[in-house]
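1. need coordinates for the following:
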Amino acid sequence: MRHIPVIGKFLVILCAFGLFVAGVTAYSSSRISFIDTSYTALLEKESNATLMLARASRSLVSIRSAIADILIARDDADKKAAVADMKMSEGFFTTQIDAAMASAPDNARIAAIKAEAVDALKNKCGPLIAAASIALAETEVDRTQADFASTCRPSFTIAINDITDEIGKITALTETRHAGLVDMTRDTIITTIVSVVAGLAVMLVAGFFAVRAWIARPLDMLSGTMTTLANGNLDVASPKPSAATKSAAWPAPSRYSRTMACAPARSKPLHRPSGLPSRPNASAIRISNGCAPTPWPRRPVALPKG
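-> Prediction:
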């Protein structure tokens, strides 16, 4: 990079730092996007599935309570009202368990819980509900209540407990994933800050050494040489300026500067040996400081007679 201007060298450093910043920005953006997507899925899937399962469990409790009302009712109107409540709770349960399955399509346990609850309602409790809906005599009421305690209620209890266990599992998984996202967010922030600080430190160090190597050192050498020349020592070897400092710190010598540098030597009268032509040979003139000989004046010179 000797022949590259200083501005070009600093532009190279700035471009490198710009690429570094772009890389850090791309990394941070990708991690933030991943965290946002994961957190959105966490809210829309696992959390919504947990909520729907909790509502489905409450609907099963309502169905069980409606069946109990059917068993203890002694009036036909009361039994019909209890059956209507049971049908309404059954519709709520179906809607809510389907929503839970849609929120967590990979969870096969939710579908199994739905099948278990439907089996308890239709097969194990269905005949009992049909008999209790028309049972008005005390003996029939007592018999349906005994069957409910032995066959129907345990099936509902198992389904409700399974839903509660599944809610606990999904909640634990959600908390684990949420903790992972929190840790990822913290790591992304720390990595971004450390990367930016490290990049700035590298930029400062590189700029310091660049200024020292490309500007300060050539100018110091140039200043020393010019000081030596100013003190009268014209035999010192002048440093070769680089392309970076040539235009700013090493201007091209003008005619006036060349004249002033050779002024001490030209102030002495030149000796013209006898017998030389009117325009003497430059090699015959000895000038100790290395300046070019002063051209002989271009004017007519009278030739010697004889």
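2. CA only for contacts and neighbour counts going forward, please
-> Fine.
3. and the biggest helix by length in the chain, how far from the chain's centre?
-> Counting residues, the longest helix found in the chain (DSSP state H) is helix 153-211. How far helix 153-211 lies from its chain's middle: 15 Å, per Cα atoms, centre = their mean, to the nearest Å.
4. need the next SSE after it, C-terminal direction.
-> Once the chain leaves helix 153-211, the next helix or strand it forms, by DSSP states H and E, is helix 217-230.
5. tell me the pLDDT at the closest residue to residue 62 other than its chain neighbours?
-> Counting by Cα to Cα, 6 or more residues apart in numbering, residue 62 lies nearest to residue 89, which is 6.1 Å off, once chain neighbours are set aside. We have a pLDDT of 92 for residue 89.
6. what helix or strand is residue 89 on?
-> Judged by DSSP H and E, residue 89 forms part of helix 76-103.
7. now do the buried residues in stretch 32-48.
-> 32, 35, 39, 42, 45-48 (16 or more other Cα atoms under 10 Å).
8. can you check stretch 165-175 too?
-> Neighbour counts over stretch 165-175 (16+ other Cα under 10 Å) mark 166-167, 170-171, 174 as buried.
9. can you show me the CA trace of that stretch as CSV?
-> In CSV, the C-alpha atoms belonging to stretch 165-175 read as follows (Å, rounded to 0.1, in the frame of the first residue of the first chain):
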residue,chain,number,x,y,z
ASP,A,165,-51.9,-33.1,33.5
GLU,A,166,-51.6,-32.1,29.9
ILE,A,167,-52.0,-28.4,30.9
GLY,A,168,-49.2,-28.9,33.4
LYS,A,169,-46.9,-30.4,30.8
ILE,A,170,-47.6,-27.7,28.2
THR,A,171,-47.1,-25.0,30.8
ALA,A,172,-43.7,-26.5,31.8
LEU,A,173,-42.6,-26.7,28.2
THR,A,174,-43.8,-23.1,27.6
GLU,A,175,-41.8,-21.9,30.6
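10. same question for that stretch, mean pLDDT?
-> For stretch 165-175, mean pLDDT is 88.
11. check what contacts that stretch and list those residues.
-> Residues lying outside stretch 165-175 but in contact with it, judged by Cα atoms under 8 Å, 6 or more residues apart in numbering, are 42, 46-47, 50, 53-54, 109-110.
12. still on that earlier bit, closest one to residue 192 out of the buried residues of stretch 32-48, please.
-> Minimum distance to residue 192 across the buried residues of stretch 32-48 is 11.4 Å, recorded for residue 32 (Cα to Cα).
13. next up, the contacts around the closest one.
-> Residue 32 makes contact with 185, 188 under the criterion Cα under 8 Å, 6+ apart.
14. dihedrals phi and psi, it?
-> Per-residue torsions, residue 32: phi -70, psi -40 (degrees, to the nearest 10).
15. mind checking how far it is from residue 25?
-> 10 Å (Cα to Cα, to the nearest Å).
16. how about residue 111: what's its closest non-neighbour residue?
-> Among residues not flanking residue 111 along the chain, residue 101 sits closest, at 6.7 Å (Cα to Cα, 6+ apart).
17. if I look at the one you found, how far off is residue 164?
-> With distances taken as Cα to Cα, residue 101 is found 15 Å from residue 164.
18. do the same with residue 21
-> In this structure, residue 21 and residue 164 are 50 Å apart, going by Cα to Cα.
19. any low-confidence regions in this protein?
-> 1-4, 6, 234-306 (pLDDT under 70).
20. ok so, going back, isn't the residue nearest to residue 111 up against residue 51?
-> No - assessed by Cα atoms under 8 Å, residue 101 is found out of contact with residue 51, at 11.6 Å.
21. neighbour count for those two, which is higher?
-> Comparing residue 101 with residue 51 by other Cα atoms under 10 Å, the one with more neighbours is residue 101, at 20 against 16.
22. which ones are touching that one?
-> With Cα under 8 Å, 6+ apart as the criterion, the residues that contact residue 101 are 49, 107, 110-111.
23. kindly report the same for residue 144.
-> Residues touching residue 144, when contacts are defined by Cα under 8 Å, 6+ apart, comprise 71, 128, 131-132.
24. if anything else comes up later, I'll come back, but that's it for now.
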